[in-house]
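A.B. asks: structural data only, the sequence is not supplied:
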């Protein structure tokens, strides 16, 4: 060994370096502040007059971690225009942080720490931040038995069996992480709700969590089962127009507020996928929502009523929410917000925005995103979702002419409800790293940041997340940011490009199953319902010759989407049944283009592997290996997806996969036999 | 559809075309002659005076399939220099085929048909072909229960339970196929021989096969179990120097010749891997072989005595055959040939030639090749073996100075035994396509052609095999020939490049298992015995500082192989324990070069897939799909091999896989858990 030239020694050492590093487990998320030493603390002061616990918390965070000049914190209750936001002014000698509410000071403190951790230029600060949405809320699909529907990061964080007596330290860590990115509300339980959550025992458990979260500005909401009166207290039914039922809810709400004075309200999934609802009694969604809203009104509580409804009828599933809700426009109470999934089907890798956005001009609307990757490879695939969120937020509904983006339709700029809100289904579980995949933390982060400011760019969010979570080294930040930026489109490419959707394996939605079919199953749960592959072509005709879902969009979108040549190619097969030999904009046939997209997805994931492996020296060994391992799975899965979809669709197209593309390595018949031992919850 | 431009229609049609083609199953091998019609038969004549059944067969083949001018066949018993060969003279009006023996006429007939089928220029023919080896023999490792050791094409062709009464049509097809490529002998049963084969009942069965094969010029040999006298007839032992034992064999041999007058002789695996042999009684291999030779001598029979011997001692396995046999040089009878595997270990993807070749100057020697792909992916991997066979044949032993190639050492040019011979372990089973993989037929074909003429090039053999087996279309022949020519090196690359060897999974030898170890197992059956990976480097030190196996080679090979910089890099790790950071000829480190080889193997197999898929229109659907399917398996296996070996060796090298290479998709620990449900026979 002593004869080896120095250069080789160095390479050798370089590779070994990370092995000696400090093993990390991701439990710290993006909050990796290092405590300042006593001397630094002496040199600068964090001043605060107010004694509100949230304001004190802000001071405490800065005391512990702030390395900059002294800070003067000021609560200015008259500066109402700031809402929960804040103003920061400062230079190298002093910083002034002002807010109208204590929580504003805490958000401001995290802002300063973010600037510090990302090595931002802080020589001249003049910042004013006002949140775009009043309510920035996570939806946990956590069941009371601690399974999590569509959860891929272990069991539920809420240890119901231990509550309210034993309090996991992770409850406060959870609250702090959310506060650090501006999230101020959470729905603790699954929308497929157990009535149990509203029993006295559970209200005590919920109160215990609310008491922890309060200091971090987080209000608790609950998913309510519409049949609760009947199930819990033996009422004859749960008809929202019966006084006995209405009274039951009033009593129940009162009970909740006695224990949780800042309780946020109810999230309701009604008459959807088997859940009970007002239609069980011949009533409308408005009847149901309003009854709850009336009960909550005296306490300032809200109803978030989900528009995710569809029935196994002849009607295109993508049209049904619009058809059901638009006629009810104007009938909802002021404290009801209709919660609408970003796309009209169900959190697919890519969908157009749901046409309900902007279509109910007298009804408050909010978006429901899905952070948990039900349809994007669970916690196995790296898919940075800010670009997906932005795609919906920035989509122009044309509801009030050009510029009526989904963001503006929902943030109060165009229509004014009592409160504005934006929600997302969480990807959080009790895994040490919270989200299963280290990079899935970025999606939680990105949702919070966009809920605060939907104008932020995906790149900027990725940039600040990487710098806080890993390192500020440009050699790391630049390639990782690029990988993140490319990642969602890679998933679209290897799973369902060009507007394909919902060709997932039954129930668990992990792998491909475009051939999927179940005897007696609901057609709208079958892949063929969505892809419509036949000898002519591929895709769902939603033009006037088909389901005419395009007509639900405002002009000119209806005709843009409706024209096979004007429709964006990324949504082509969503709106059109397209001949295999259709000429795409680049001159290729649909079939060739489809093949090229699938192949590109595979190659991109292999590229991510290269990117990541190259960065080993920048990352602690544990996170390096864990991400490396996930990328291997993703790489294999991408090939699986590509082969499954191309080999299956080829049985219709009868056309060759372009010969310059890597060939399939699977047999279609073998792939059809794969049955994963997975369910729809962990 | 009617609006589609014509061009697209054509592509569409082109792709569908083969679906309408005639499905083929490969059962015809390279013998796809089409019968001539009655008119053609009338226009030209095949004339023959002789009435020998083999000569008549030659006439019959030409009568049925020859489309050229009239042929005059002539048996010239004085032209002994032709041996089993022939002379062809002719032009567009007439062809003259002369041979010294009837089989020469048959071989000549197949030569003419081969020229016809490959569309050779036959306007002026002047051909003289004399076989390089007297005996061109297949070794079947077929057990009497019809399993085949290292067989990957179904059960044995020999239906022992039906013989001698029922005769499968495949016996004659087998003989014809062999005759068409000049193979003139076959060992019917496994070298790990059951004594049962020498019972009267089995001699009748063997006779039935010999009677069919005789017409095609094929002599039958049997593998003999050295303990037969003791096992079959209760002799006290099988000591070759005891008269009772010698007499037993004389009686047995006489019995065989009574039924099979042209019986070829015995193949013996003795004192090897648990088989009985003369050493059980303190006798030498010469004692054992000579006893059998004496019994066979009166009938012109031969003993092929295998040199594949090694014991679990401290001595390098690769040295043991040489050590055991060289001292016996000159002690063997004239009708004994020592059968030596091409490489000193065991049919690895690449080995140097066995140093025994040329080292016994007073003993007849023959090569044993392995056609069946025990160590080259079974019948799943496309690996054209002519380049492997040629590598040994063309290797210079320097035994009598430069030019003493293994071919010349064994073909009688340098040392004269009673007979010269070359053998290979067959890859034939009762699968419809004979060899499991359609392209494995080419290895049977190539062995026959090289046994006839070891000067043929691998390219030329591939060329004629492709043209006969598939098509003469240049667009097909050229890329497929290239694929075949690249294929063995691809296997070496993704399995064990740079001289690595025997890092296969235990017993079945299919997948990778460089980590393989069994408590109490023989070290020389363990991968670590061969690769010697440690923190310093990789490879088996067979130089003077190690086992000194290099000393068994004649100068200058001993010093060429013995020098780390003079040793061919393709054999580097065979002969040297090389530091991971050793600089290769191209300036890369050993580690990087190793990674690049593994990666290249993978990429090459993917290239084969592309090559093959592109040629769909040239191939019948059945063979196209079957080969396509095998290539998929090979492609996946190549990645498996690459990941397993690189991830395992990386635990020693601690160096990164070069970052421009595709990254592993497997986890080492997962790969270690793979246990295939395979044994060493089918």
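C.D. replies: Ah, there it is. Note that the structure is predicted; figures quoted are calculated from it, not measured.
A.B. asks: does residue A:446 count as helix, strand or coil?
C.D. replies: Here residue A:446 is helix, with the state taken from DSSP: H, G, I helix; E, B strand; the rest coil.
A.B. asks: which one is it nearest to, not counting chain neighbours?
C.D. replies: Excluding the flanking residues, the one nearest residue A:446 by Cβ to Cβ, 6 or more residues apart in numbering or on different chains is residue A:386, at 3.9 Å. Quick note: C-beta positions are derived from backbone N, CA and C, even for glycine.
A.B. asks: what of residue A:149?
C.D. replies: residue A:141 is the one closest to residue A:149 (Cβ to Cβ, 6+ apart), at 4.1 Å.
A.B. asks: for residue A:236, same thing?
C.D. replies: Using Cβ to Cβ, 6+ apart, the closest residue to residue A:236 is residue A:230 (7.2 Å).
A.B. asks: pull the contacting residues for that neighbour.
C.D. replies: Residues near residue A:230 by Cβ atoms under 8 Å, 6 or more residues apart in numbering or on different chains: A:236-238.
A.B. asks: need these in TSV (columns: distance to residue B:513 and secondary structure).
C.D. replies: Shown next, in TSV, are the contacts of residue A:230 (distance: Cβ to Cβ, whole Å; DSSP: H, G, I helix; E, B strand; the rest coil):
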residue	distance to residue B:513	secondary structure
A:236	69	coil
A:237	67	coil
A:238	63	coil
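A.B. asks: and the buried ones among these, selectable in ChimeraX?
C.D. replies: ChimeraX command restricting these to the buried ones, with burial defined by 16 or more other Cβ atoms under 10 Å in any protein chain shown:
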select /A:238
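A.B. asks: of the contacts of residue A:230, which is the nearest to chain B?
C.D. replies: residue A:238 (50.7 Å; Cβ to the nearest Cβ).
A.B. asks: gap between the closest residue to residue A:573 other than its chain neighbours and residue A:575?
C.D. replies: Nearest residue to residue A:573, sequence neighbours excluded (Cβ to Cβ, 6+ apart): residue A:539, at 3.4 Å. From residue A:539 across to residue A:575, the span is 8 Å (Cβ to Cβ, to the nearest Å).
A.B. asks: identify the contacts common to the two.
C.D. replies: With Cβ under 8 Å, 6+ apart as the test, residue A:539 and residue A:575 both reach residue A:499.
A.B. asks: so, low pLDDT: which residues of chain A?
C.D. replies: Along chain A, segments meeting pLDDT under 70 span A:1-23, A:681-682.
A.B. asks: domains in it, as residue ranges please.
C.D. replies: A:29-129, A:135-469, A:492-540+A:577-681 (automatic domain parsing).
A.B. asks: need the winner for burial among the ones you listed.
C.D. replies: Mean neighbour counts were taken over the domains of chain A using mean count of other Cβ atoms under 10 Å in any protein chain shown, and the top value, a mean of 21, falls to domain A:135-469.
A.B. asks: measure it end to end?
C.D. replies: 26 Å (Cα to Cα, to the nearest Å).
A.B. asks: repeat that for stretch A:407-421.
C.D. replies: OK, stretch A:407-421 end separation, Cα to Cα: 11 Å.
A.B. asks: list phi and psi for residue A:226.
C.D. replies: Backbone torsions for residue A:226, taken as degrees, to the nearest 10, come to phi -60, psi -20.
A.B. asks: which residue ranges of the stretch 151-300 of chain A form helices?
C.D. replies: For the stretch 151-300 of chain A, helices defined by DSSP state H, counting those that start in this stretch occupy the ranges A:169-180, A:200-214, A:228-233, A:243-259, A:285-296.
A.B. asks: turn the ones you listed into JSON lines, including distance to residue B:425.
C.D. replies: Output for the helices of the stretch 151-300 of chain A, formatted as JSON lines (distance: least, Cβ to Cβ, whole Å):
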{"stretch": "helix A:169-180", "distance to residue B:425": "64"}
{"stretch": "helix A:200-214", "distance to residue B:425": "72"}
{"stretch": "helix A:228-233", "distance to residue B:425": "74"}
{"stretch": "helix A:243-259", "distance to residue B:425": "81"}
{"stretch": "helix A:285-296", "distance to residue B:425": "76"}
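A.B. asks: can you name the residues that contact the residue nearest to the spatial centre of chain A?
C.D. replies: With distances taken as Cα atoms, centre = their mean, the residue of chain A nearest its centroid is residue A:371 (2.5 Å). For residue A:371, the contacting residues are A:138, A:385, A:424-427, A:440, A:443-444, A:447, by Cβ under 8 Å, 6+ apart.
A.B. asks: any idea how far it is from residue A:451?
C.D. replies: 11 Å.
A.B. asks: likewise residue A:239?
C.D. replies: 36 Å.
A.B. asks: what about the nearest residue to residue A:553 once chain neighbours are set aside, which SS state?
C.D. replies: Spatial nearest neighbour of residue A:553, chain neighbours left out: residue A:355 (5.0 Å); criterion: Cβ to Cβ, 6+ apart. When classified by three-state DSSP, residue A:355 comes out as coil.
A.B. asks: backbone dihedrals for residue A:355, both of them.
C.D. replies: Torsion angles, degrees, to the nearest 10, at residue A:355: phi -70, psi -10.
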